[in-house]
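> Pasting the sequence and the predicted coordinates here, then a few questions.
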Amino acid sequence: MTQWHLVLDGRCPSKRNMTRDAALFQSLIEKKHQGILRIYNWEEPAVTVGYHQKSFTLSDPNLTLPILKRPTGGGAVLHVDDITFSICAPSRGPFSRGIIDACGTISKIFARALRSCGLEVEMKGENTAFSDVCFMRSTPVELHLMGSKILGLALLRRSGCILFQGVMPLRVDRDLSTRVFGDGNDPGTPGICDRAPDFSQDEFVGFLLDSFSSQIGVSFLEGSHDDHEHDEGDEGKVDLRRHDPGNERLTDQ
């Protein structure tokens, strides 16, 4: 059984979330951990955009929200109340069979945990083309609930390691979503708690850790919220805008 580091951050300052994910990924590259799972939420609404998105403009010019660049690829995501996660893992063992297979493995782990919570999710999707808005389309390795995409997932490979970033909306603010994306680009996707009001996040996390154990042989050592605070402060440690042809990003989010 491989032991990973577990970071349960709760609601975090929104403008620091991408920096924190990047710092954790760098700590894996530096071999400080065998793997890391971070689960978090957002103190204030924010939009994240994929590394390759050249520009993103809020549909409502009177709206002011942080727009943050992810180190992974994909389309724009509005974060209000989510289960957001990052996974830092070596690109070997269960993640050695290519990008699509690696993302499929993560989706299966999350699907098992969600089904244990009584949610009938399925891996379903046919669209592999890029979309400016993450939840406007779904790839074959992302999860659906009651006919709507419920899991967005993207990936970066660097230095023999993989960073997965993913999001499962809990509650969706439809008015804010329309102001962010506009009527024509608003995915209109309900969150998990919009569909299942009795959904328990704590119960889900317990099932998720069990699923990691049974599916890929990982156990967890939980750390504190401040374990990597010194990494977060060093924003130059991982330059998210640096062009590096050796990096591979999955743009399926």
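Sure, I can see it. This is a predicted model, so every value here is computed, not measured. Numbering: from 1, shown residues only.
> Lowest mean pLDDT among the helices and strands of this structure, which one is it?
helix 229-233 (a mean of 40; mean pLDDT, DSSP states H and E).
> any idea which residue sits dead centre in this structure?
Centrality entry for the chain: nearest residue to the mean C-alpha point is Gly166, 1.6 Å, by Cα atoms, centre = their mean.
> for it, helix, strand, or coil?
strand (DSSP: H, G, I helix; E, B strand; the rest coil).
> Low-confidence ranges, the stretch 151-253 of the chain, go.
Flagging of the stretch 151-253 of the chain using pLDDT under 70 yields the residue ranges 224-253.
> which residues of it fall in helices?
Assigned by DSSP state H, counting those that start in this stretch, the helices in the stretch 151-253 of the chain fall at 174-181, 192-195, 201-216, 229-233.
> Export these as a markdown table, with columns for mean neighbour count and distance to Pro140.
(Glycine included, C-beta is placed from N, CA and C.) Formatted as a markdown table, those follow (neighbours: other Cβ atoms under 10 Å; distance: least, Cβ to Cβ, whole Å):
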| stretch | mean neighbour count | distance to Pro140 |
| --- | --- | --- |
| helix 174-181 | 18 | 24 |
| helix 192-195 | 18 | 21 |
| helix 201-216 | 17 | 19 |
| helix 229-233 | 14 | 34 |
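> How about the residue nearest to the centre of the chain: what's its closest non-neighbour residue?
Once flanking residues are discounted, Gly166 sits nearest to Leu153: 4.4 Å by Cβ to Cβ, 6 or more residues apart in numbering.
> Is it correct that that neighbour is in contact with Thr105?
No. Counting by Cβ atoms under 8 Å, Leu153 stays clear of Thr105, with 10.8 Å between them.
> of these two, who's got more company?
More neighbours surround Leu153 than the other of Leu153 and Thr105, with 27 against 17 (other Cβ atoms under 10 Å).
> From Asp175, how far off is that one?
Taking Cβ to Cβ, to the nearest Å as the measure, Leu153 and Asp175 are separated by 26 Å.
> which ones are touching Ile67?
Ile67 makes contact with 46-49, 56, 58, according to Cβ atoms under 8 Å, 6 or more residues apart in numbering.
> Look at Asp9 and give its secondary structure.
Applying three-state DSSP to Asp9 yields a three-state assignment of strand.
> residues near it, how many?
Neighbour count for Asp9, taken as other Cβ under 10 Å: 18.
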